[in-house]
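[1] Okay, here's the prediction I keep looking at, along with the sequence it came from:
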Amino acid sequence: MSKLVIKNLHVSVEDKEILKGINLTIEEGEIVALLGPNGNGKSTLFNAIMGNPRYKITEGSIELDGNDVLNMKVDERAKNGLFLAFQNPSEIPGVISSDFLKTALNQKSEKRISLGQFYKTLDKASKEVQIPFEMFNRSLNDGFSGGEKKRNEILQMLVLNPKIAMLDEIDSGLDVDAINIVSECIKKQFEEKHTGFIVISHYARLFELIKPTRTAVIINGKVAIEGGIDLYKRIDKEGYEWLKVEKNIDFKEDENLQKISLGVCGAKR
């Protein structure tokens with residue numbers, strides 16, 4: 001069973017420490033809802049795991065199935081089963097979508113995939129995310145709408161079949177129909193492939209659809225509390241202030257955090 005283990009992770013961006021000792025484990029076959037007030041390190045964690053050079057790791061460790069992730073290049077992290085769906089996918093003119101996906105799949109696989117098998121795989125995935133197959137003859141994300149870009153991220157996940165998938169606000173900018181499509185793909189990948197998920201979201205609706213098995217809350221650059229689905233539901237209803245009183249968890253004062261729900265900080269708009 002695949003397992004991503006993060007221990008005492010400290011990460012700085014432009015000499016400012018953002019993560020201050022993250023401890024978190026994500027296993028194959030679970031969906032972790034990652035919550036926390038904005039600016040407390042959720043996206044920083046994802047970028048650090050995938051090896052974005054802008055994020056400097058100053059202390060701690062990340063292991064995937066016992067292997068040191070920090071000694072891997074970005075492409076090696078992907079080959080070993082890590083996947084990140086971006087909050088804001090980039091448009092890359094000149095790189096044809098189908099060529100990009102075929103190259104990525106061949107790099108990940110021990111045996112090169114035949115052209116026929118690749119197009120069969122791509123056709124199946126495009127139907128699941130409801131993106132016209134013809135769009136893959138265009139440059140990567142070039143001219144795609146915001147929703148199409150997000151669904152294209154999910155399509156890449158389906159094609160690459162990672163061990164651990166990190167989804168950074170995959171549902172932002174999606175209408176109700178698109179959220180339903182994305183959630184069905186996540187559930188199918190979870191149920192059939194047993195992929196482990198860690199999901200940042202601004203919609204309680206997405207969590208209600210994909211049914212996380214666990215909740216982790218990042219405050220002040222640390223995992224302040226973990227729990228089950230009741231934790232994210234309570235935060236959605238009451239915000240974060242109750243954590244100060246009941247759990248003695250302190251965080252920086254911000255007038256925007258006094259009576260906020262997950263609509264601002266983590267799950268529901």
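    On my side now, so go ahead.
[2] Let me know the secondary structure of residue 12.
    Following DSSP: H, G, I helix; E, B strand; the rest coil, we place residue 12 in the strand state.
[3] Show me where this structure dips below the pLDDT cut-off.
    252-269 (pLDDT under 70).
[4] now do 80
    Applying pLDDT under 80 to the chain flags residues 110, 202-203, 251-269.
[5] Can you pull up the most central residue in it?
    residue 167 (1.9 Å; C-alpha atoms, centre = their mean).
[6] List the contacts of residue 151.
    By C-beta atoms under 8 Å, 6 or more residues apart in numbering, the residues touching residue 151 are 129-131, 178, 181-182. Placement of C-beta: from N, CA and C, glycine included.
[7] Please identify which pair of those lies farthest apart.
    131 and 182 (11.6 Å; C-beta to C-beta).
[8] quick one, which of the two is more surrounded?
    residue 182 (25 against 21; other C-beta atoms under 10 Å).
[9] For the more buried one, which three-state class applies?
    helix.
[10] Please name the nearest non-neighbouring residue to it.
    Once flanking residues are discounted, residue 182 sits nearest to residue 154: 5.5 Å by C-beta to C-beta, 6 or more residues apart in numbering.
[11] ok, now which ones touch that neighbour?
    85, 129, 170, 182, 185-186.
[12] In the host helix or strand of it, which residues are buried?
    For residue 154, the host element (DSSP states H and E) is helix 146-160. Neighbour counts over helix 146-160 (16 or more other C-beta atoms under 10 Å) mark 147-160 as buried.
[13] between those, which is nearest residue 44?
    residue 153 (18.9 Å).
[14] what about the closest residue to that closest one other than its chain neighbours, distance to residue 209?
    The shortest distance from residue 153 to any non-neighbouring residue, by C-beta to C-beta, 6+ apart, is to residue 85 (3.9 Å). For residue 85, the distance to residue 209 (C-beta to C-beta, to the nearest Å) stands at 16 Å.
[15] measure residue 21 to residue 14 for me?
    Applying C-beta to C-beta to residue 21 and residue 14 gives a distance of 20 Å.
[16] more neighbours, these two?
    residue 21 (15 against 8).
[17] Could you tell me which residues make contact with the more buried one?
    Neighbours of residue 21 in contact, by C-beta under 8 Å, 6+ apart: 8-10, 59-60, 221-222.
[18] Kindly recompute the last result at 7 Å.
    By C-beta atoms under 7 Å, 6 or more residues apart in numbering, the contact set of residue 21 is 8-10, 222.
[19] Need phi/psi at it.
    phi 120, psi 50 (degrees, to the nearest 10).
[20] same question, residue 75
    According to degrees, to the nearest 10, residue 75 has phi -70, psi -30.
[21] can you check residue 220 too?
    According to degrees, to the nearest 10, residue 220 has phi 50, psi 40.
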